[in-house]
Every structure is written in structure tokens, then in C-alpha cells.
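Visitor: Have a look; sequence and predicted model below, questions after that.
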Amino acid sequence: MKPIFAQGPSQTTRVVLAIVLSIALMVVDHQFQQLRQIRSMLAFVTYPLQVLADLPVSLMRWIDEATTTREELQAENHRLREEILRARAELQKLEALRAENLHLRNLLDASYKVGDRILIAELSAVDLDPYRQQVVIDKGSTSGVFIGQPVLDANAVMGQVIQTTPFSSTVLLITDPSHSIPVQVLRNGLRTIALGTGRINELSLPYLPTNSDIQVGDKLVTSGLGGKFPAGYPVATVTRINRSPDNAFAEIVATPTAHLDRSREVLLVWPVPAAPVRSPAPDATPETPAAGTPEKQP
């Protein structure tokens, strides 16, 4: 039986139009970031579904913790007490070094950064895409998280925030192929850039000449250049060096210090900017104060 009204476009035409529209939306979103607010709103709406999907894992973890035996709790308590004692001993040495560093900076009339503000977050999802190294945490813009914020675990740098929603954020790990981080060798201060390789346990240092002073076992820390990551945080350890006479640059591989595939809790860092140091004017003399300036009282 023929329909009364004329038929619409064919199914093939509809599929082609949908594909063209999808590609156009992706191009607009990538080039102009016009859909960021819409994505944030959609993430806010779907957040309950994300919590519901994570509910079985959270429930199993709660059941596992509730059924832990008394002997296991005692052993874990004993181990944690030993770790606390060791951490306190190391903290005492750290406080002594910090006080000495402050004294030297004061002698050199330099600025001093007191410390960094941190917030503890928990992983809620892991991106299983083999071409991306990303995780999702349970803290978002309502907690003050911002794009580009450094993320660490208990051992070293993990990555940085690349997207935020009101209640969650996406973290790009340092092993992602699109990620790079300025580092320096702790032993001699040699600076370079560590690139992600797409493998969870490997970083690449492709910009060091073959005659660079770098050895297997060298510790890499953040250099602070670029303004993204505070200086001095551990990043990786050099595990393999291949110096070929045919290449101008050495092939250097490092293993991340952070437990990227095992850490459950992470630290969000707010760097505290150092106070600017004001140098006296070249023509000012300490004996004669400038006109209109009150003298300092003892």
C-alpha cells in the first residue's frame, strides 16, 4: 500500500548527514572550544550515572574492608606505625634542610616559597584507550580544580588536569604520547624534556646529545620551567641509554617514579608563588632616605 504522504530522505542519506554533522561538531569543538560549556553541563547531568556505575566497585571494596581479619588489621597497623616513624625521621631532616635553605636565601636576599597547598582526590575511572593515558578523579571545579593543575601521587608527579566538570576532572598522565614535562637530572642539574611514549612504564628523553652527562640510575625531577609544575618533584629514573655514533642525540628511556597503574589516591597541587624581591634603586643610599619616605624605626 502506498503511503499518503511523500517519504522523507532515504536511510543512507540520513546516515551521511549524521556523519557530516558529527564531523562538523568535532571540528568546531576542537578549533573554537565552543562546546565546552555544553560538555560540562552534560557531564553534570550524567554524573549520577557515573556514580551508579562505580557503585559495584565501591561496594566490593567496602565489603572487602569490612571482612578483613583481626590479624591482618594488626599487621597493617604495625606496618603503618613503622612507616610513620620513618617518615617522622625523614621529616626532621627535611625541616633542618629547609631551615638551612631559608637561612642561605635570607643571606642572599632571595625570595622563599613556604610550600604548596594540596587536596586529596580519588580515582573514579580509568581510560582504557591504548592511545591515551588518562584517568578521572572525583574532584572538580567546585573544589577549585583548574585546567593545567599538577597532579601527584604519594611518590612523584602523575600528570596534569586537562578538563574539569563541577564534580570530576580528567587527568592526562605523563606517559601519554601528547604530554611533555620539563625535567632536570638531580645529580648535576642537566635540563631536558621528558616525553610520554604511550606505555604506562616508560618516558623518553630525545633531546640530549650523545655526550651528555647522564647515567643509568639518575633521578629526574621537575625543573619548574614552563610554569606548569613546581620545581623539585620526582618524575622518573633513567633505566636505559643508547649512544650511537651515527646519531647526534642519545636514545634515553626513563621509568616513571609514580605508580601510574596502581595509585588510587592522588594529590592536587596549588603552587604558592614566591614573593617578589624588590631591589633598591641604583642611586639610593642607605644613609640618606629619599624625600617623603619615613625613616625605619628600630
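Guide: Looks like it came in fine.

Visitor: contacts and neighbour counts: CA atoms only from here.
Guide: OK.

Visitor: What segments of the chain are helices?
Guide: With DSSP state H, the ranges of helices along the chain come out as 11-32, 36-66, 70-107.

Visitor: For P182, which of the ones you listed is the nearest?
Guide: helix 70-107 (23.5 Å; C-alpha to C-alpha).

Visitor: so for the closest one, what's the average pLDDT?
Guide: Helix 70-107 comes out with an average pLDDT of 74.

Visitor: what's the answer for stretch 124-134, then?
Guide: 77.

Visitor: buried sites along that stretch?
Guide: Within stretch 124-134, the residues that count as buried by 16 or more other C-alpha atoms under 10 Å are 124, 132-134.

Visitor: same deal with stretch 14-23?
Guide: Under 16+ other C-alpha under 10 Å, stretch 14-23 has no buried positions.

Visitor: Kindly export it (C-alpha atoms) in PDB.
Guide: What follows is stretch 14-23, C-alpha atoms only, in PDB (Å, rounded to 0.1, in the frame of the first residue of the first chain):
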ATOM      1  CA  ARG A  14      20.300  10.300   6.900                       C
ATOM      2  CA  VAL A  15      23.400   8.400   7.900                       C
ATOM      3  CA  VAL A  16      25.600  10.500   5.700                       C
ATOM      4  CA  LEU A  17      24.100  13.700   7.100                       C
ATOM      5  CA  ALA A  18      24.600  12.500  10.600                       C
ATOM      6  CA  ILE A  19      28.300  11.700   9.900                       C
ATOM      7  CA  VAL A  20      28.800  15.100   8.300                       C
ATOM      8  CA  LEU A  21      27.100  16.900  11.200                       C
ATOM      9  CA  SER A  22      29.200  14.900  13.700                       C
ATOM     10  CA  ILE A  23      32.500  15.800  12.000                       C
END
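
Visitor: Please compute how far that stretch lies from its chain's middle.
Guide: Taking C-alpha atoms, centre = their mean, to the nearest Å, one finds the center of stretch 14-23 at 37 Å from the center of the full chain.

Visitor: Stretch 171-183 now?
Guide: Offset of stretch 171-183 from its chain centre (C-alpha atoms, centre = their mean): 8 Å.

Visitor: buried set for that stretch?
Guide: So for stretch 171-183, counting by 16+ other C-alpha under 10 Å, buried means 171-177, 179-183.

Visitor: Need the residues that contact it.
Guide: If you take C-alpha atoms under 8 Å, 6 or more residues apart in numbering as the criterion, stretch 171-183 is touched by 131-137, 151, 157-163, 191-203, 220-226, 235, 260.

Visitor: Run through the chain and note the low-pLDDT ranges.
Guide: Applying pLDDT under 70 to the chain flags the ranges 1-8, 32-35, 68, 89, 92-93, 95-96, 99-100, 103-116, 128-130, 272-298.

Visitor: domain assignment for it?
Guide: With domains defined by automatic domain parsing, the chain comprises 14-66, 116-272.

Visitor: Between those, which one is closest to L94.
Guide: domain 116-272 (13.4 Å).

Visitor: on that earlier part again, show only the entries of the buried residues of stretch 124-134 found in strands.
Guide: If you go by DSSP state E, the buried residues of stretch 124-134 have 124, 134 in strands.

Visitor: can you put the helices of the chain in a markdown table and add distance to S141?
Guide: Listed next are these as a markdown table, based on distance: least, C-alpha to C-alpha, whole Å:
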| stretch | distance to S141 |
| --- | --- |
| helix 11-32 | 20 |
| helix 36-66 | 10 |
| helix 70-107 | 32 |
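
Visitor: quick one, which of those helices is nearest to S212?
Guide: Closest approach to S212 among those (C-alpha to C-alpha): helix 70-107, 29.0 Å.

Visitor: Distance to R86 added to the domains of the chain, as JSON lines?
Guide: JSON lines is the format used below for these (distance: least, C-alpha to C-alpha, whole Å):
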{"stretch": "domain 14-66", "distance to R86": "26"}
{"stretch": "domain 116-272", "distance to R86": "15"}
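
Visitor: Would you mind finding the most buried of the ones you listed?
Guide: Most buried of the domains of the chain, by mean neighbour count (mean count of other C-alpha atoms under 10 Å): domain 116-272, with a mean of 18.

Visitor: From the buried residues of stretch 124-134, pick the one nearest L73.
Guide: Nearest to L73 among the buried residues of stretch 124-134 is S124, at 25.5 Å by C-alpha to C-alpha.
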